[in-house]
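Engineer: quick one, what's the 3D model for this:
(one chain, ligands or ions: 2)
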Amino acid sequence: MTKSRSKDIEVLRGHIRDIPDFPQKGIVFKDITPLLKDPETLILTSRLLLDPFKDEKVDLVAGIESRGFIFGTRLATDLNAGFVPVRKPNKLPAQKISVEYDLEYGTDQLEMHRDAISEGDRVIIHDDLMATGGSAKAAAELIKELGGVVIGYSFILELGFLNGRAKLEREIPVHSLIEI
Ligand SMILES: O=P(O)(O)OC[C@H]1O[C@H](OP(=O)(O)OP(=O)(O)O)[C@H](O)[C@@H]1O
Ligand SMILES: Nc1ncnc2[nH]cnc12
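Structural biologist: Ligands and ions are numbered 1, 2, ... in the order given. Down below sits the predicted model:
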């Protein structure tokens, strides 16, 4: 990593705050709202997320609800790609597919519209944070079921101690700006 990139990453790190015992006891919640509020870190985050993919041919960015929507749409426009939402249950209005998955705190379900992906579409999965990797794995399963090809994962933050990467296919690159 270049010196200036690692300096930029440190700036971002300084704008993520720890909230102990949220949403339940024992969880240290990584809150990105300070990073969103500062116009400099807001734009810096978009730029740093774009870097690893800027020479790739990308058809779609799939953002995971809800915090994955924030930078996912920007990443899509920066790549001249489309954006598709991966949503929590009962939010999408048209025909959809679903998958269940485990969270650091509980279980949940993710859904995508059946027509969100065309056969062979090259898709990046984006979220603000990877914890157990359950959400990212579930999103990848949905995309593959619809005929898409996952070409990479993009996160601002990765909780490395939870080893979420182990859940993902090894040959697909994972780009996390900050690893904790
Ligand atoms: O790697 P995992 O263990 O699956 O956890 C990561 C997911 O958890 C958080 O979302 P959350 O479910 O809290 O919802 P939100 O984005 O709507 O706040 C985060 O934004 C990721 O989507
Ligand atoms: N520790 C954490 N902080 C913020 N979002 C999360 N999603 C899952 N675990 C999380």
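Engineer: which stretches of the chain have low pLDDT?
Structural biologist: Under the criterion pLDDT under 70, the flagged ranges of the chain are 104-106.
Engineer: these two touch, right, I97 and E111?
Structural biologist: Yes. Shown here, I97 and E111 form a contact pair, counting by CB atoms under 8 Å, at 6.8 Å. (Each C-beta comes from the backbone N, C-alpha and C, glycine too.)
Engineer: more crowded one of these two?
Structural biologist: Remark: of I97 and E111, E111 carries more neighbours, 20 against 15, as counted by other CB atoms under 10 Å.
Engineer: find the residue at the geometric middle of the chain.
Structural biologist: The chain has D127 as the residue nearest its centroid, 1.6 Å off, counting by CA atoms, centre = their mean.
Engineer: which residues do I97 and E111 both contact?
Structural biologist: Residues touching both I97 and E111 (CB atoms under 8 Å, 6 or more residues apart in numbering): L142.
Engineer: one step back: so the residue nearest to the centre of the chain versus L49, what's the distance?
Structural biologist: 11 Å (CB to CB, to the nearest Å).
Engineer: who touches both of these two?
Structural biologist: With CB under 8 Å, 6+ apart, D127 and L49 have common neighbours S154.
Engineer: and the residue nearest to M112 when sequence neighbours are not counted, what helix or strand is that in?
Structural biologist: The shortest distance from M112 to any non-neighbouring residue, by CB to CB, 6 or more residues apart in numbering, is to L142 (4.6 Å). Secondary structure assignment for L142, by DSSP states H and E: helix 134-145.
Engineer: just the buried positions in the helix or strand following that helix, please.
Structural biologist: Sequence-wise, the next helix or strand downstream of helix 134-145 (DSSP H and E) is strand 149-158. For strand 149-158, burial by neighbour count (16 or more other CB atoms under 10 Å) applies to V150, I151, G152, Y153, S154, F155, I156, L157, E158.
Engineer: now distance to ligand 1 too, for those, in a markdown table please.
Structural biologist: Shown next, in a markdown table, are the buried residues of strand 149-158 (distance: CB to the nearest ligand atom, whole Å):
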| residue | distance to ligand 1 |
| --- | --- |
| V150 | 15 |
| I151 | 19 |
| G152 | 16 |
| Y153 | 11 |
| S154 | 12 |
| F155 | 9 |
| I156 | 10 |
| L157 | 9 |
| E158 | 9 |
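Engineer: thanks a lot, see you next time.
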